[in-house]
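> When you get a sec, could you give me coordinates for this:
(one chain, ligands or ions: 1)
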Amino acid sequence: MRRGARERAALVPRLWLQHFATTSLVAERDRAVVGFLIGFLSHDRPSEAYIHFVGVAPDARRAGLGRALYEQFFALCNQAGRDKVRCVTSPQNVGSVAFHAAMGFAVEPGEVGDGPVRAKADYDGPGVHRVVFVRRT
Ligand SMILES: CC(C)(COP(=O)(O)OP(=O)(O)OC[C@H]1O[C@@H](n2cnc3c(N)ncnc32)[C@H](O)[C@@H]1OP(=O)(O)O)[C@@H](O)C(=O)NCCC(=O)NCCS
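Below you'll find the predicted structure:
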């Protein structure tokens, strides 16, 4: 397993599926899972929701599935009275950065990088920089 894939797998231990299923989504094709989104309504911030992880199978990408999962989650947020969605991604994950830009997320100001998209330094621990996204639902 490549390093990026290993890091992403580590982001989805079973507890997410046990405790956040109500606000998480699955996309199926021919009865097989081809995409999923793990999200939740913030416990501490009553107007916010958070997307912890989204994944689409490599052979199903760039066909609108990620967008459909996000839009379904935004609708769920609206119904629950949450008007802001947050998420983060690794600055190395250029596909994810492009996806979130296409989905209308703004990037919170950061210090790491020299392009228009900068990551917040040490956001998830020493040396673990993150691009921080926010969007109105
Ligand atoms: C990021 C990811 C979920 C996108 O899913 P997807 O189904 O391919 O995305 P969509 O086809 O719905 O694309 C939605 C928009 O994002 C853009 N986009 C998606 N992937 C992109 C990429 N790699 N580069 C540039 N733009 C991209 C699309 O062009 C589209 O824009 P448009 O609607 O304006 O034309 C998918 O690439 C993935 O699973 N990556 C691995 C896991 C990951 O990195 N998750 C994010 C971190 S939590």
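> ok, and does stretch 121-129 reach over to the ligand?
No. Stretch 121-129 does not reach the ligand (C-beta under 6 Å from any ligand atom); its nearest approach is 12.5 Å. The way it works is simple: take the backbone N, C-alpha and C, and place the C-beta from them, glycine included.
> wait, I meant stretch 26-40
No. Stretch 26-40 lies out of reach of the ligand by C-beta under 6 Å from any ligand atom, never closer than 6.5 Å.
> Quick check: buried residues in that stretch?
By neighbour count on 16 or more other C-beta atoms under 10 Å, the buried set for stretch 26-40 is 27, 34-40.
> same deal with stretch 60-69?
For stretch 60-69, by 16+ other C-beta under 10 Å, it's 65-66, 69.
> which ones among those come in contact with the ligand?
Answer for the buried residues of stretch 60-69 near the ligand (C-beta under 6 Å from any ligand atom): 65-66.
> Run a quick check on Pro91 versus Lys120, I expect a contact.
No. Pro91 is beyond contact range of Lys120, at 9.5 Å (criterion: C-beta atoms under 8 Å).
> who touches both of the two?
Taking C-beta atoms under 8 Å, 6 or more residues apart in numbering as the contact definition, Pro91 and Lys120 share the neighbouring residues 112, 129-131.
> Give me the buried entries from these.
Applying 16+ other C-beta under 10 Å to these flags 129-131 as buried.
> Just the closest of those residues to Thr23, please.
Arg130 (21.5 Å; C-beta to C-beta).
> so how far is the ligand from the closest one?
Arg130 sits at a distance of 11 Å from the ligand (criterion: C-beta to the nearest ligand atom, to the nearest Å).
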